[in-house]
Each structure stands twice: as structure tokens, then as C-alpha cells.
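>>> Okay, here's the prediction I keep looking at, along with the sequence it came from:
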Amino acid sequence: MARAAAKRKKIARRGLMLVLSSPSGAGKTTLSRMLLKADRNIELSLSVTTRPQRRGEVDGSDYHFIDLTRFEHMVKAGDLLEWAVVFDHRYGTPRRPAERALQAGRDVLFDIDWQGTQQLRERARNDLVSVFILPPSAKELERRLRRRAQDSKDIIGTRMAKAAGEMSHWPEYDYVIVNRDLDEAFAELRAILAAERLRRERQIGLSDFVRALQAKL
């Protein structure tokens, strides 16, 4: 009963957009899955992509897999919050699901690269919280890429070559986590989310809450 009453008194807030970026293999996808499993008030923004579906991926769960014609139509119609070309394939974030979630006070998780993050910052800076995930070393990054067994040797080489350029964008992010230990990195990510949810400007019901407190004094 007390728990139900506490829920009713929860201060209304606007949701936030939590962006995770990293070079391939640094751990952002694993951390994203852990966060979605542990926190019921955050949902994944499912990107649309023109790249081929990988083994084990599910359309509508991992990505929305679409063709180039449909992707270009979404760009022209303004239906994407951001989009980018990564390894010769296009990725983009549908606008409407994200905006609905934010208005309802739910948080949205974005697994996107630095190009997409720049676009989101230009369009929705006040709603954005950006986190860059770094590997502890180049050797460990390569080991993780090989352990995934998703890409050919040539593609792994390409990802390693591109990693240095991707990592150069770390100063553009609000927070940086070095993923030496997965549990430790996850704890740091949850601490960031908890603090950002408490920011005064996101708690849109705070004024009414304080006025109600003052009226009873």
C-alpha cells in the first residue's frame, strides 16, 4: 500500500535520450543490452538500416532492415532524427517513436556513432546525454572483435583501422567510460543515468511538487 502511494507521488519528468557510442568491439552493444534488461523505464531506439541482416539478428528487434529507396524516402520526408553512412551502409533513427517516449517521461537508448550523435545534439541538445565507451587497449579491442566471430578477417582489419578515427571524437561526449571490466563499466553507466534523471530541468513536475509542499507548511 505504501509503495503504491509512493508511486502516485512520483514527480513527473521529461524523458532523456541516452546515447552510447564506441568503436566496434568496445562493448556498447553489450552494455546497452544489460541496461535494457535492468531498467524498465528505458527503451531502445530501433534504427533503420540498409545493411544485410546478420546471423541471429531479428528484424524489428535488433534493427528495422529496409532497402535504400525506402531509406532515402524517410530522409526526404524528415522522418529520421539522425542518419549516417557507416561501412558503406546507411543507419538512421526514426523520429516519431523517440518523441512519443520522451513526452511520456520515458528514456530512450541510442546505439549510434559520432556522426549521429552530432546530429542529435544539433536538434535536441537539452534532451541528450552522450556517453563514449573506450576499450582498455588496442590489443583487447582486436581480441573482442575476433571473439565475436561475426566478421571476416578483412572486415576486422577495416574496423581496427577505423577505430582510431572514431575514438578521436571522445571530447565531444558528456561522459567517457573505459570498459576494462564489464560490471564496473555497467555500474558507471547506471550512475550517469541516475544522476541525469535528477537534473532539475528534466523534472517538469518539480514546481507543482514544491508548491504543494510549501502549502502544507
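Structure's in. What do you need?

>>> How is Leu81 assigned, secondary-structure-wise?
strand (DSSP: H, G, I helix; E, B strand; the rest coil).

>>> Run the chain-centre distance for stretch 11-20.
11 Å (C-alpha atoms, centre = their mean, to the nearest Å).

>>> I figured Gly116 hits Phe110, correct?
Yes. Using C-beta atoms under 8 Å as the test, Gly116 is close enough to Phe110 to be in contact (7.3 Å). C-beta here means a position set from N, CA and C on the backbone, and glycine is covered the same way.

>>> Find residues that contact each of those two.
19, 93 (C-beta atoms under 8 Å, 6 or more residues apart in numbering).

>>> Ramachandran coordinates for Leu213?
For Leu213, the backbone dihedrals (degrees, to the nearest 10) come out as phi -60, psi -50.

>>> Distance check, it against Lys9.
Distance of Leu213 to Lys9, given as C-beta to C-beta, to the nearest Å: 11 Å.

>>> Same question for Gly165.
49 Å.

>>> likewise Glu166?
Taken as C-beta to C-beta, the span from Glu166 to Lys9 is 44 Å.

>>> Which one's more surrounded, the two?
Glu166 (19 against 8; other C-beta atoms under 10 Å).

>>> Looks like the more buried one contacts Gln115 (just checking).
No. Taking contacts as C-beta under 8 Å, Glu166 lies outside contact range of Gln115: 9.8 Å.

>>> So which bits of stretch 126-142 are buried?
The neighbour-count check on stretch 126-142 (16 or more other C-beta atoms under 10 Å) flags 127-135, 141-142 as buried.

>>> For the most centrally placed residue in the chain, what is the enclosing helix or strand?
Nearest to the mean C-alpha position of the chain, by C-alpha atoms, centre = their mean, lies Phe110 at 2.3 Å. Assigning secondary structure by DSSP states H and E places Phe110 in strand 107-111.

>>> who touches Tyr175 in this structure?
By C-beta under 8 Å, 6+ apart, the neighbours of Tyr175 are 129-132, 192.

>>> could you pull out the strands for the protein?
Secondary structure of the chain (DSSP state E): strands located at 17-21, 42-44, 48-49, 64-65, 80-86, 89-94, 107-111, 128-134, 175-178.

>>> Any idea how far the fifth one is from the middle of the chain?
Yep, that's strand 80-86 we're talking about. On the basis of C-alpha atoms, centre = their mean, strand 80-86 sits 14 Å off its chain's mean C-alpha point.

>>> any weak-confidence spans in the protein?
By pLDDT under 70, the low-scoring segments of the chain are 1-8, 144-145, 147-157, 161.

>>> Tell me how many other residues crowd Pro123.
I think there's a mix-up here, since residue 123 is Arg and not Pro. Neighbour count for Arg123, taken as other C-beta under 10 Å: 12.

>>> now the helices for the protein?
With DSSP state H, the ranges of helices along the chain come out as 2-8, 28-38, 68-77, 95-103, 114-124, 138-148, 153-167, 182-197, 206-215.

>>> JSON lines for these, including distance to Tyr173?
Shown next, in JSON lines, are those (distance: least, C-beta to C-beta, whole Å):
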{"stretch": "helix 2-8", "distance to Tyr173": "33"}
{"stretch": "helix 28-38", "distance to Tyr173": "12"}
{"stretch": "helix 68-77", "distance to Tyr173": "25"}
{"stretch": "helix 95-103", "distance to Tyr173": "19"}
{"stretch": "helix 114-124", "distance to Tyr173": "7"}
{"stretch": "helix 138-148", "distance to Tyr173": "18"}
{"stretch": "helix 153-167", "distance to Tyr173": "11"}
{"stretch": "helix 182-197", "distance to Tyr173": "11"}
{"stretch": "helix 206-215", "distance to Tyr173": "27"}
